[in-house]
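In: Sequence plus the predicted model coming up.
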Amino acid sequence: MKIYFSNYEIFQFFKSNKRLLLFLFKEGIIKPDKQIACFITNYKYQQAYYPHFFLPEFKNLFDEITLKNINETIQTLNQNQQTQVDDKNSFDQKRQIGENDHILYELIRNDSIDQFTSLVTEKNLPLSSTIEPSIFETNSFLINQKPTLIEYAAFFGSLKIFNFLRSKEIELTPSLWNFAIHGENLEILKILVDKKINPQNDSFKDVFIESIKCHHNQIAKLIQINKKELNLNDISTQSIKYYNYSFFPTEIKCDEIKTLCDFCKYNYFQVVSFLLESNKIPINSQSILKI
């Protein structure tokens with residue numbers, strides 16, 4: 001990569017994935033520089049705690065005001081978690097794990113029901129509360145959200161804690177569907193169906209697409225079987241976009257410009273090459289050329 005692309009170009013390829021960026025910085029494939037430092041301090045990336053997460057790499061590149069703001073934010077976020085910026089080993093270890101480091105949320109991820117109930121009782125924590133942000137969170141679905149405890153349990157498929165919260169009359173909401181798709185726990189999804197909790201706007205299209213995106217194909221096929229209203233063109237486009245070959249179109253006709261456009265848009269060089277050689281594709285179509 002370093003032969004063919006500049007330092008900043010490589011960063012741009014991987015900018016959406018904090019864990020990959022961390023690996024590339026540690027391996028010396030990307031070098032911290034002023035251009036990247038400026039980029040990760042813009043509002044969007046500050047909201048996702050990029051400057052805080054990459055403080056060891058960029059400490060010498062940030063100005064004093066930025067450093068002061070970063071350190072204040074870290075201290076505020078971690079005041080109850082004993083995380084210190086100068087504790088290099090602990091900080092690096094938590095970055096490698098890439099998950100919210102609060103003990104309560106770790107218990108939810110592990111579905112440790114006994115420790116979870118003990119802690120919420122001891123601390124008198126409200127079960128309807130939302131997840132506090134963490135600079136160590138790297139999951140793109142969770143970074144810019146503040147899920148409730150039950151949504152977080154659904155996201156990690158933690159059935160015991162999910163049922164405990166449900167038994168305490170925590171409301172089941174349509175938003176749980178997308179979290180449960182990620183958790184891939186069929187029991188949780190069955191509860192939503194049995195309780196007649198539909199996805200937001202009563203649309204199964206979005207949760208079907210989310211399951212294709214996650215490559216949770218068993219769930220996607222169950223939705224497809226039970227919800228006949230799903231559009232076949234949508235299924236084809238999303239499967240191509242997210243490289244989910246289980247839902248690829250079974251045949252491609254030469255007059256299906258949209259499908260060819262999808263293959264062009266999402267960089268299927270070999271497929272496009274094969275189609276151009278095998279069919280009378282209208283290659284000069286404006287829609288194809290635009291893609």
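Out: Yes, it's here. A quick note: this is a predicted structure, and the numbers were derived from the prediction, not measured. Numbering: from 1, shown residues only.
In: By mean pLDDT, flag the weakest helix or strand of this structure.
Out: Sorting the helices and strands of the chain by mean pLDDT, DSSP states H and E puts helix 286-290 at the bottom, at a mean of 68.
In: State the distance from the residue nearest to residue 189 when sequence neighbours are not counted to residue 12.
Out: Distances taken as C-beta to C-beta, 6 or more residues apart in numbering place residue 180 nearest to residue 189, at 5.3 Å, with adjacent residues excluded. Glycine gets a C-beta too; all of them are placed from N, C-alpha and C. Distance, residue 180 to residue 12, by C-beta to C-beta, to the nearest Å: 33 Å.
In: Between the two, which has more neighbouring residues?
Out: Higher neighbour count among residue 180 and residue 12: residue 180, with 29 against 13, using other C-beta atoms under 10 Å.
In: Now the more buried one: phi and psi?
Out: Backbone geometry at residue 180, expressed as degrees, to the nearest 10, gives phi -70, psi -30.
In: contacting residues for it?
Out: By C-beta atoms under 8 Å, 6 or more residues apart in numbering, the contact list for residue 180 reads 154, 155, 157, 188, 189, 192.
In: doesn't residue 177 make contact with the last one?
Out: Yes - at 6.5 Å, residue 192 and residue 177 qualify as touching, with contact defined as C-beta atoms under 8 Å.
In: out of the two, which sits in the busier spot?
Out: Under the neighbour definition other C-beta under 10 Å, residue 192 and residue 177 were set side by side, and residue 177 has more, 24 against 19.
In: can I assume that one sits in a helix?
Out: Yes - remark: residue 177 belongs to a helix, assigned using DSSP: H, G, I helix; E, B strand; the rest coil.
In: And residue 49, how far from residue 212?
Out: With distances taken as C-beta to C-beta, residue 49 is found 29 Å from residue 212.
In: again with residue 66
Out: With distances taken as C-beta to C-beta, residue 66 is found 40 Å from residue 212.
In: residue ranges with poor pLDDT in the stretch 1-150 of the chain?
Out: Within the stretch 1-150 of the chain, the ranges that satisfy pLDDT under 70 run 78-87.
In: Tell me where it has helices.
Out: Listed in chain order, the helices of the stretch 1-150 of the chain (DSSP state H, counting those that start in this stretch) span 7-14, 18-26, 34-40, 43-47, 50-53, 55-58, 64-77, 88-97, 103-109, 113-123, 140-143, 149-155.
In: So which elements touch the fifth one?
Out: Meaning helix 50-53. helix 18-26, helix 64-77 (3 or more C-beta pairs under 8 Å, 6 or more residues apart in numbering; DSSP states H and E).
In: Which one, of these, ends up nearest to residue 226?
Out: Of all these, helix 18-26 sits nearest to residue 226, with 35.3 Å by C-beta to C-beta.
In: Show me the contact partners of that closest one.
Out: Contacts to helix 18-26, defined as C-beta under 8 Å, 6+ apart, come from residues 10-11, 14-15, 30, 32, 48, 50, 53-54, 57, 95-96, 98, 138.
In: 10 Å - rerun?
Out: With contacts defined as C-beta atoms under 10 Å, 6 or more residues apart in numbering, helix 18-26 is touched by 1, 10-11, 13-15, 17, 29-32, 36, 40, 45, 48-50, 53-54, 56-58, 92, 95-98, 135-140, 143.
In: quick one: buried residues of it?
Out: 18, 21, 22, 24, 25 (16 or more other C-beta atoms under 10 Å).
In: how close does the first one sit to residue 62?
Out: In other words, residue 18. 17 Å.
In: And for the second one?
Out: Residue 21 is 16 Å from residue 62, where distance means C-beta to C-beta.
In: next one: the last one
Out: Distance of residue 25 to residue 62, computed by C-beta to C-beta: 15 Å.
In: same thing with residue 239?
Out: 42 Å.
In: count of residues packed around residue 97?
Out: Residue 97: 13 surrounding residues under other C-beta under 10 Å.
In: how close does the nearest residue to it once chain neighbours are set aside get to residue 54?
Out: Spatial nearest neighbour of residue 97, excluding adjacent residues (C-beta to C-beta, 6+ apart): residue 136 at 6.9 Å. Distance, residue 136 to residue 54, by C-beta to C-beta: 12 Å.
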